[in-house]
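Undergrad: Take this sequence and fold it.
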Amino acid sequence: MKQIKIIYVLSQIDKAIAFEWISEHLSKEKYKLSFVVLNYKHGYLETYCKSRGIPYKHIQLGSKLRYLLIFFQLWWHFLRNRPDIVHFHLFEASFLGLPAAWLAGVRRRIYTRHHSISHHMYHPHVVKIDKFCNRLATDVVAISEVVKQTLIDLEHCPPKKVKQIYHGFDLNAFSARNEKEIERLQITYNPSSKKPVIGVISRFIELKGVNYLIQAMEKVLKTYPDALFLFFGSEGNKHQEYTEMLKKYPSSSYKIILFENNITQLYKIFDVFVHVPIDPRVEAFGQIYVEALASGVPMVCTLSGIANEFIEHKKNAWVVPYKDAEAIAKGILHLLENKELREKLIARGKEDVRIFALKNMISNLENLYDGKL
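TA: Numbering: from 1, shown residues only. Predicted coordinates:
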C-alpha cells in the first residue's frame, strides 16, 4: 500500500499534546506524517518529533517583513517533498501556507479553523484573510458548531467544504492519577496546602472573562480566607491590567503562572475549576471544558464554543451568566459547600465527555484524508 504523505503546518506552537496524540495514533501504514512549525524559537514539539524520528522543519517567525521569505520557504518545502495533503493549523500557518501549497500544486489543502468570531468582533480587517483561507482550502475543518456557523453564515464558505471534527482527547490521561506528579505540582504551586484551591487556565485577554472572576474573589475570600486562586496561562494583552486588579487581595491568596507542562495532572490540585468567557461564540472549542470534566473537577463556567453543545446547568457543571462576578462567586461557594452536588457533576461530566474520545477524532481525520468525509 502506498503511503499518503501528509505535512502538518503549525504556527506559534511549543507544546501541544494533541499533535503528539495524532502522530502516535494516525495509521502509520496508511500515512507518512511530517511537521513544519513556524515559530519564534525552537520548542518542545521539535524535541518530541526528533526523539521519535518524525520529520520536522522549523521556520523562523519574525516581523511581517519576513512573511514573503516564509511564503517562499514553505513553497519550496512543498515543491521538494510533494505531499499528497497539507493540513494547516492556526493563523500564520494557514494564511502563509495555503497560497504556498496552491502554488506548489498540492491538490488537498486542509485547514483547521481554531477561532470563531474573534476576528469579526475585535479585528474586522482580518476577516478578509479568513475568507481568503476559506477560498484556497479544499477542506475546512470546523471544530465545533459555533465555528461551522461562523464559516457558513458569516463568511459564506461553501457548506460542502466544511467538515465538522471535534477535538479528541486521551481521556484516560486526564482521569488517571500520577501521585508523584500531583505531589510535585502541590509543592510547586501550593506549598502551604491552602484550601480550597480554585483553578483557572486562561489567557489574560478580554474575551476570557478573567476580570469577572477576579472581582468574584472578594466574596469567596470572605467566606474562605485561606482559599488559593491559581491562574495558569496568563499571557495576553490584559496581563498587566489583571495583575493590577489582583493586587487588592493578599498576595498569599493567588498565584499567576505562565505555563505548566503537565496539564493532565494539573487539574488534580484544584477543588473547583472556573472558565467564564464573555460570549457564546468567542471560544472556537474550549478544550479546558473537556479536560476539567475528564479530570473529575467540578466546574463553574459560562457557555461558549463546544460547551454550548453538551454542558448543562446542574447536570455536569454549574453554569453562570456572562460577565457576572456575583454569579461566579455564588457558583464557586455553592460547589464548595455542597458535596452531593459536586459528586453528581463529577460523575456525569466524566460520562458526557466520552464523545470527545481520541479514537473518534482519529477515525474522522482518517476518513477526511481518505476522501470519505
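
Undergrad: quick one, phi psi at the residue nearest to the spatial centre of the chain?
TA: The residue lying closest to the centre of the chain (CA atoms, centre = their mean) is Gln287, at 4.7 Å. Backbone torsions for Gln287, taken as degrees, to the nearest 10, come to phi -60, psi -30.

Undergrad: Surely it touches His167?
TA: Yes - counting by CB atoms under 8 Å, His167 is a contact partner of Gln287 at 6.0 Å. Heads up, the C-betas are built off the backbone N, CA and C, glycines and all.

Undergrad: how does the chain divide into domains?
TA: Listed by automatic domain parsing, the domain ranges of the chain are 4-168+357-369, 171-356.

Undergrad: Any chance of TSV for the ones you listed, columns mean pLDDT?
TA: Formatted as TSV, the domains of the chain follow (pLDDT from 0 to 100):
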stretch	mean pLDDT
domain 4-168+357-369	96
domain 171-356	97
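
Undergrad: mind checking which helix or strand Met111 is in?
TA: For residue 111 the amino acid is Tyr, not Met. Using DSSP states H and E, Tyr111 sits within strand 108-113.

Undergrad: Run through the strands of the stretch 201-350 of the chain in chain order.
TA: Applying DSSP state E, counting those that start in this stretch to the stretch 201-350 of the chain gives strands spanning 228-232, 254-257, 272-275, 299-301, 318-319.

Undergrad: With distance to Glu29 added, can I get the ones you listed in CSV?
TA: Converted to CSV, the strands of the stretch 201-350 of the chain look like this (distance: least, CB to CB, whole Å):
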stretch, distance to Glu29
strand 228-232, 38
strand 254-257, 41
strand 272-275, 39
strand 299-301, 39
strand 318-319, 44
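
Undergrad: Quick one: those as a markdown table, columns for distance to Val147 and mean neighbour count too.
TA: Shown next, in a markdown table, are those (distance: least, CB to CB, whole Å; neighbours: other CB atoms under 10 Å):
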| stretch | distance to Val147 | mean neighbour count |
| --- | --- | --- |
| strand 228-232 | 24 | 22 |
| strand 254-257 | 29 | 17 |
| strand 272-275 | 18 | 26 |
| strand 299-301 | 19 | 26 |
| strand 318-319 | 21 | 22 |
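
Undergrad: Tell me which of the ones you listed sits nearest to Val140.
TA: Set against Val140 and scored by CB to CB, the strands of the stretch 201-350 of the chain come closest in strand 272-275, at 26.2 Å.

Undergrad: neighbouring strands for the closest one, and are they parallel or not?
TA: strand 197-201 (parallel), strand 299-301 (parallel) (DSSP bridges).

Undergrad: Adding distance to Val319, write those out as CSV.
TA: Formatted as CSV, those follow (distance: least, CB to CB, whole Å):
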stretch, distance to Val319
strand 197-201, 17
strand 299-301, 6
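
Undergrad: For Pro277, find the nearest of the ones you listed.
TA: That would be strand 299-301 among the strands paired with strand 272-275, by CB to CB, at 8.4 Å.

Undergrad: Can you list the helices and strands that the helix or strand that contains Asp130 packs against?
TA: Element membership for Asp130, per DSSP H and E: helix 127-136. Where contact means 3 or more CB pairs under 8 Å, 6 or more residues apart in numbering; DSSP states H and E, helix 127-136 is packed against helix 91-103, helix 118-122.

Undergrad: All the helices of the stretch 151-300 of the chain, in order from the start?
TA: Ranges of helices within the stretch 151-300 of the chain are 171-175, 179-189, 210-223, 239-246, 263-266, 287-295, based on DSSP state H, counting those that start in this stretch.

Undergrad: Check the gap between the nearest residue to His239 once chain neighbours are set aside and Asp139 for me.
TA: Closest residue to His239 apart from its sequence neighbours, by CB to CB, 6 or more residues apart in numbering: Phe204 at 4.4 Å. Using CB to CB, to the nearest Å, one obtains 34 Å as the distance from Phe204 to Asp139.
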